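*Asks:* Take a look and give me a structure for this.
(chains A and B)
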Amino acid sequence: DAGVIQSPRHEVTEMGQEVTLRCKPISGHDYLFWYRQTMMRGLELLIYFNNNVPIDDSGMPEDRFSAKMPNASFSTLKIQPSEPRDSAVYFCASSLQGTDTQYFGPGTRLTVL
Amino acid sequence: AQSVTQPDIHITVSEGASLELRCNYSYGATPYLFWYVQSPGQGLQLLLKYFSGDTLVQGIKGFEAEFKRSQSSFNLRKPSVHWSDAAEYFCAVSYTGGFKTIFGAGTRLFVKA
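*Replies:* Here you go, the predicted structure:
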């Protein structure tokens, strides 16, 4: 298996623009997690899905952030409009069960100018 | 609330010296415990996990961890550190009946020659 795939690996955009991050989980995994990592705040869970259904989005910082999982093999995290404070590395992870090992993608480094 | 504490933000050890990284978790139901490693520019990778059974768990890259229920701890150890072990290490916990994993703030390991 190719592991969790994220795209793009790097994104540089200007404040106010829409940003879409993409994730393909490992086939057969029922759980998908979106995390944000910064030096100041560490690793933060933003939202997670079970069988394509959002279960807990309490970590989503603002209404500017939204996430979808239209099918078992694809998820997006969208920021609209983006702000400089959204600059971070965003990770997607998947697992067979919510409490089991999580497999992380390589991350998307987002820079908002 | 359930939580994970890694008391050391960073640790420096000499190559060839032994290593112990500390982790404490808040009391709860039977915990599932994990250690992940993150090398620069990469996602998190599982080092080892404890679900049940023998409280001394062996992982990849020569790491081991010991679960001590009485101390609510799951410390990571390695008898002889290599320069390639320089990375950030995350302790994590999930619980039976729960749906997500809680990560500690991480400990950054520096290895000096």
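
*Asks:* Please list all residues in contact with residue 56.
*Replies:* Reading this off chain A. Neighbouring residues of A:Asp56 by Cβ atoms under 8 Å, 6 or more residues apart in numbering or on different chains: A:Leu45, A:Ile47, A:Tyr48, B:Phe99, B:Lys100. In short, each C-beta sits where N, CA and C put it, glycine included.

*Asks:* wrong one, chain B
*Replies:* Here B:Leu56 is in contact with B:Glu64, B:Ala65, B:Glu66, B:Phe67 (Cβ under 8 Å, 6+ apart).

*Asks:* need the contact list for the residue in chain B that chain A sits nearest to.
*Replies:* Going by Cβ to the nearest Cβ, chain A is nearest to B:Gly43 of chain B, at 3.3 Å. With contacts defined as Cβ under 8 Å, 6+ apart, the neighbours of B:Gly43 are A:Val4, A:Phe91, A:Ala93, A:Phe104, A:Gly105, A:Pro106, A:Gly107.

*Asks:* What confidence value was assigned to the second one?
*Replies:* The reference is to A:Phe91. For A:Phe91, the model assigns a pLDDT of 97.

*Asks:* Now do the contacts for the closest residue to it other than its chain neighbours.
*Replies:* Leaving aside its chain neighbours, A:Phe91 sits nearest to A:Tyr35 (4.4 Å; criterion: Cβ to Cβ, 6 or more residues apart in numbering or on different chains). Counting by Cβ under 8 Å, 6+ apart, A:Tyr35 makes contact with A:Leu43, A:Glu44, A:Leu45, A:Leu46, A:Tyr90, A:Phe91, A:Cys92, A:Ala93.

*Asks:* would you say A:Tyr35 is within a strand?
*Replies:* Yes - counting by DSSP: H, G, I helix; E, B strand; the rest coil, A:Tyr35 is found in a strand.

*Asks:* how much space is there between it and B:Asn75?
*Replies:* Between A:Tyr35 and B:Asn75 the computed distance is 24 Å (Cβ to Cβ, to the nearest Å).

*Asks:* before we move on, the earlier item: so which of the contacts of B:Gly43 wins on neighbours?
*Replies:* A:Phe91 (27 neighbours; other Cβ atoms under 10 Å in any protein chain shown).

*Asks:* Could you say which helix or strand holds that residue?
*Replies:* In this structure, A:Phe91 sits in strand A:88-95 according to DSSP states H and E.

*Asks:* going on from that strand, what's the next piece of helix or strand?
*Replies:* strand A:103-104.

*Asks:* Just checking: what are the partner strands of that next one?
*Replies:* Next to strand A:103-104 in the sheet, as set by DSSP bridges, lie strand A:88-95 (antiparallel).
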